[in-house]
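Participant: Below are the sequence and a predicted model for it; my questions follow.
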Amino acid sequence: ATLRDSLMARLDRFMPVKEVAQIGAAIGREFSYELIEAVAPRTKSELDAALSQLIESGLAFRRGTPPDALYTFKHALVQDAAYDSLLKSRRQELHAKIARVIEERLPNIKTTEPEVLAHHLTAAGLAEAAIPLWQSAGELALKRMALTEAISHLNRGLELVSTLPRSSERDARELGPRTLLGTAWLALKGWPAPEVWTSLHPALPLAKSLE
């Protein structure tokens, strides 16, 4: 707690720097100049000055030069401190804006790293939009045989499905990730694993209800 207070005190000295750090923290431990420029409500000169101050403060470092620069918080605690200082409503607003920018300007991310977009949509409270992306992320990880990663992504999707009201549409949204989850557990632990049963058993009534 003392360390976080110290980090926030350093950020609080310059409001534009704090704001840019908060936006960067919402994007992730690493964020690109292109993305933060599109999200931050600052002019280019104001943004450049704030990013330079963030680097000079020792809280982050930069690789490359704008507009191709990548910024990384030097420690996860720095990112956490900046992110935790945001009100919940502001966090959701930021994540929604980040998701829009990714969809409009960086569409390749949706194809190659759907979990990134899914994360921001989830944090923005946009569950229905996030669910199919968590499924896509699980499918991609499963193809790479990154089984633990696939299970994590698919579970995130199913957690969101559980928040939706009961309907045939919800059943359809649940069936895909649940079937993939069973496949991932089967590949990871084999048929005897209880996780295979708990993942696939509920899929049968779901499939029947959709016939």
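Facilitator: Yes, it's here.

Participant: For residue 25, what are phi and psi?
Facilitator: Reported as degrees, to the nearest 10, the phi and psi values for residue 25 are phi -60, psi -30.

Participant: Sorry, wrong one. I was asking about residue 31.
Facilitator: Dihedral angles phi and psi of residue 31 (degrees, to the nearest 10) take the values phi -150, psi 150.

Participant: Report the separation between it and residue 73.
Facilitator: Distance, residue 31 to residue 73, by C-beta to C-beta, to the nearest Å: 9 Å. Using the backbone N, CA and C atoms, a C-beta is placed for each residue, glycine as well.

Participant: what does residue 136 give?
Facilitator: 28 Å.

Participant: before we move on, what about residue 53?
Facilitator: Residue 53 sits 14 Å away from residue 73, taking C-beta to C-beta as the criterion.

Participant: any idea which helix or strand comes after the helix or strand that contains residue 174?
Facilitator: Following DSSP states H and E, the helix or strand that holds residue 174 is helix 168-189. The element immediately downstream of helix 168-189 (helix or strand, assigned by DSSP H and E) is helix 194-200.

Participant: The next helix or strand along the chain from that next one - contacts with which helices or strands?
Facilitator: Tracing the chain C-terminally past helix 194-200 and defining elements by DSSP H and E, one meets helix 203-209 next. Packed against helix 203-209 by the contact rule (3 or more C-beta pairs under 8 Å, 6 or more residues apart in numbering; DSSP states H and E) you find helix 168-189.

Participant: just checking, what packs against the helix it packs on?
Facilitator: helix 127-143, helix 147-161, helix 194-200, helix 203-209.

Participant: so what's in contact with residue 31 and residue 73 at the same time?
Facilitator: For the pair residue 31 and residue 73, residues contacting each of them under the criterion C-beta atoms under 8 Å, 6 or more residues apart in numbering are residue 24.

Participant: For residue 53 and residue 73, indicate the residue with more neighbours.
Facilitator: Neighbours of residue 53 and residue 73, each counted by other C-beta atoms under 10 Å, are more numerous for residue 73; the result is 23 against 17.

Participant: Let me know the distance separating residue 137 from residue 47.
Facilitator: Residue 137 sits at a distance of 30 Å from residue 47 (criterion: C-beta to C-beta).

Participant: quick one: which of these two has more around it?
Facilitator: Comparing residue 137 with residue 47 by neighbour count (other C-beta under 10 Å), the higher total belongs to residue 137, at 25 against 21.
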